[in-house]
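[1] just a sequence and a predicted model for now, questions to come.
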Amino acid sequence: MTNTKKELLIGIVGPCSSGKSTLVAGLKKHMVHARNIAQEHSYVKDMWRRLINPDLLIFLQVSYPIAQIRRKLNWNLADYEEQGHRLRHARKLADFYLDTDLLTPKEVLEAALDFIKESSDA
């Protein structure tokens with residue numbers, strides 16, 4: 001039987017240190033076409049859509065304290081809040097929202113894979 005389903009393009013957005021790159025790498029190992037969209041660095045509210053216009057948009061959230069633990073970035077709370085401001089359009093339109101604070105990379109990957117499977121079966 002031939003697979004006639006269209007391959008979904010998955011966009012991943014979220015603040016720095018939320019796990020975007022790690023999730024994209026994990027999804028690619030499962031043959032999922034995913035792209036990390038650096039929306040948090042753009043003043044254009046729908047840059048995520050203009051760049052790749054994904055079939056599904058996954059939003060990864062991380063709190064400022066956990067982001068600081070994950071990566072020693074040279075930023076402050078105001079910078080983090082600005083990223084949140086730049087991400088608000090993507091957050092509002094995301095198909096799946098996942099707070100990664102208390103999750104391992106494996107748990108984030110499993111949650112994303114479950115969501116993608118449910119969405120592609122619908």
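    Great, that's in hand. Here the structure is a predicted model, which means the values were calculated and not measured.
[2] which stretches in the chain count as strands?
    All strands of the chain, identified by DSSP state E, fall at 9-13, 33-36, 56-61, 96-99.
[3] now the longest one - C-alpha only, CSV.
    Put plainly, it is strand 56-61. Output of strand 56-61 as CSV, limited to C-alpha atoms (Å, rounded to 0.1, in the frame of the first residue of the first chain):
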residue,chain,number,x,y,z
LEU,A,56,1.7,22.5,12.6
LEU,A,57,3.3,25.0,14.9
ILE,A,58,4.7,23.8,18.3
PHE,A,59,5.4,26.3,21.0
LEU,A,60,7.9,25.4,23.7
GLN,A,61,7.8,27.5,26.8
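[4] check the offset of it from the chain's centre.
    4 Å (C-alpha atoms, centre = their mean, to the nearest Å).
[5] between strand 9-13 and it, find me the angle.
    20 degrees (axes from the mean of the first three to the mean of the last three C-alpha atoms, to 10 degrees).
[6] tell me what strand 56-61 is packed against?
    strand 9-13, helix 20-29, helix 77-93, strand 96-99, helix 105-121 (3 or more C-beta pairs under 8 Å, 6 or more residues apart in numbering; DSSP states H and E). Every residue, glycine included, has its C-beta placed from N, CA and C.
[7] nearest to residue 110, out of the strands of the chain?
    Taking C-beta to C-beta, strand 96-99 is the member of the strands of the chain nearest to residue 110, at 10.7 Å.
[8] on that earlier part again, columns distance to residue 42, mean pLDDT and mean neighbour count on top of the helices and strands packed on strand 56-61, output as TSV?
    TSV is the format used below for the helices and strands packed on strand 56-61 (distance: least, C-beta to C-beta, whole Å; pLDDT from 0 to 100; neighbours: other C-beta atoms under 10 Å):
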stretch	distance to residue 42	mean pLDDT	mean neighbour count
strand 9-13	10	96	23
helix 20-29	14	97	17
helix 77-93	6	93	15
strand 96-99	19	98	17
helix 105-121	22	96	15
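[9] how about these in CSV, adding distance to residue 58?
    Formatted as CSV, those follow (distance: least, C-beta to C-beta, whole Å):
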stretch, distance to residue 58
strand 9-13, 5
helix 20-29, 7
helix 77-93, 10
strand 96-99, 5
helix 105-121, 6
